[in-house]
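Trainee: got a predicted model here, sequence first, then my questions.
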Amino acid sequence: MSVAILTDITKCIGCLECVSACKTVNNLGTDVPRVWQKNDGLSAQNWTSVLQKPGNHYIRKQCRHCLEPACASVCPVGALQKTPEGPVIYDSERCLGCRYCMMACPYGIPRYDWDQVVPYIRKCIMCYDRLQRGQQPACTEVCPQKATIFGERDELLAEAHHRIKQEPDTYIHKVWGEHEVGGTSVLYISDIDLGFLAYQPNPGATPLPATTRLAMKAVPFAFVGMGGRCMESTGLFDDG
């Protein structure tokens with residue numbers, strides 16, 4: 001079973017309950033969530049955000065959990081992994097802090113935690129620990145308008161297309177995430193174009209790992225040398 005999240009932009013009221021719930025369950029600090037207008041609001045302490053666009057449109061941004069994630073394909077140590085259930089999860093104990101995942105992600109999701117002594121990547125993992133306990137992600141559980149819902153990917157795709165068919169004058173006739181970069185586990189339907197959520201407005205349907213793996217073939221050997229110099233400069237190789 002592959003799970004997913006479907007967000008209906010026409011139903012979002014910008015209440016930020018999803019942002020607050022994400023911060024609470026992931027222990028991401030106590031700063032007050034806010035709607036973002038000038039940038040995407042994501043950071044090491046904000047794994048999901050709500051963007052405001054003209055016409056009182058509120059758009060939730062989070063990791064898209066690609067079916068074939070570029071971030072995982074470029075990670076030289078396997079710190080990012082695509083699970084059979086759908087979420088792309090992260091193991092900080094493996095992470096080297098190389099930030100290749102940040103460069104590879106077509107949606108600009110992973111963020112570097114600059115405030116830590118040994119900084120690592122932080123991002124949404126779709127509350128994977130909650131899924132393993134039979135629960136849904138905290139963000140979808142608390143949404144008062146059911147603007148963002150959780151379920152099996154195939155069923156959510158069917159629901160998305162059903163809503164578009166039922167209200168053809170309300171929605172753009174597209175499900176974002178159905179095909180882009182091979183498909184994602186976070187889907188959107190909307191009455192405005194959501195091309196701004198990706199670096200390229202129309203990223204295409206081809207999965208990115210097909211190209212990123214080729215580009216990374218020669219990287220690990222060079223990276224080991226870089227990592228060694230970094231650890232030496234921090235004193236990790238000192239005898240004393």
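Mentor: Perfect, thanks for sending it. Residues are numbered from 1 along each chain as shown.
Trainee: mean confidence for stretch 157-169?
Mentor: For stretch 157-169, mean pLDDT is 98.
Trainee: buried residues in that stretch, which are they?
Mentor: 157, 159, 160, 163, 164 (16 or more other CB atoms under 10 Å). The C-beta positions use only the backbone N, C-alpha and C, and glycine is treated the same way.
Trainee: adding distance to residue 99, write those out as TSV.
Mentor: Output for the buried residues of stretch 157-169, formatted as TSV (distance: CB to CB, whole Å):
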residue	distance to residue 99
157	33
159	36
160	33
163	38
164	38
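Trainee: which of these fall in strands?
Mentor: Nothing among the buried residues of stretch 157-169 maps onto strands, per DSSP state E.
Trainee: quick one: which of these is nearest residue 172?
Mentor: Set against residue 172, the nearest of the buried residues of stretch 157-169 by CB to CB is residue 164 (8.2 Å).
Trainee: let me see the contact set for that closest one.
Mentor: Residues near residue 164 by CB atoms under 8 Å, 6 or more residues apart in numbering: 171, 173, 175, 189.
Trainee: go again with 10 Å.
Mentor: 170, 171, 172, 173, 174, 175, 189 (CB atoms under 10 Å, 6 or more residues apart in numbering).
Trainee: which of those has the most neighbours?
Mentor: When the contacts of residue 164 are compared by neighbour count (other CB atoms under 10 Å), residue 189 ends up highest, at 27 neighbours.
Trainee: is it true that that residue touches residue 171?
Mentor: Yes - look at residue 189 against residue 171 with CB atoms under 10 Å: they come within range, at 5.5 Å.
Trainee: apart from its neighbours in sequence, what residue is nearest the residue most central in space within the chain?
Mentor: The centroid of the chain falls nearest to residue 63 when counting by CA atoms, centre = their mean (0.7 Å). Nearest residue to residue 63 in three dimensions, chain neighbours excluded: residue 124, at 4.0 Å (CB to CB, 6 or more residues apart in numbering).
Trainee: appreciated, that's everything.
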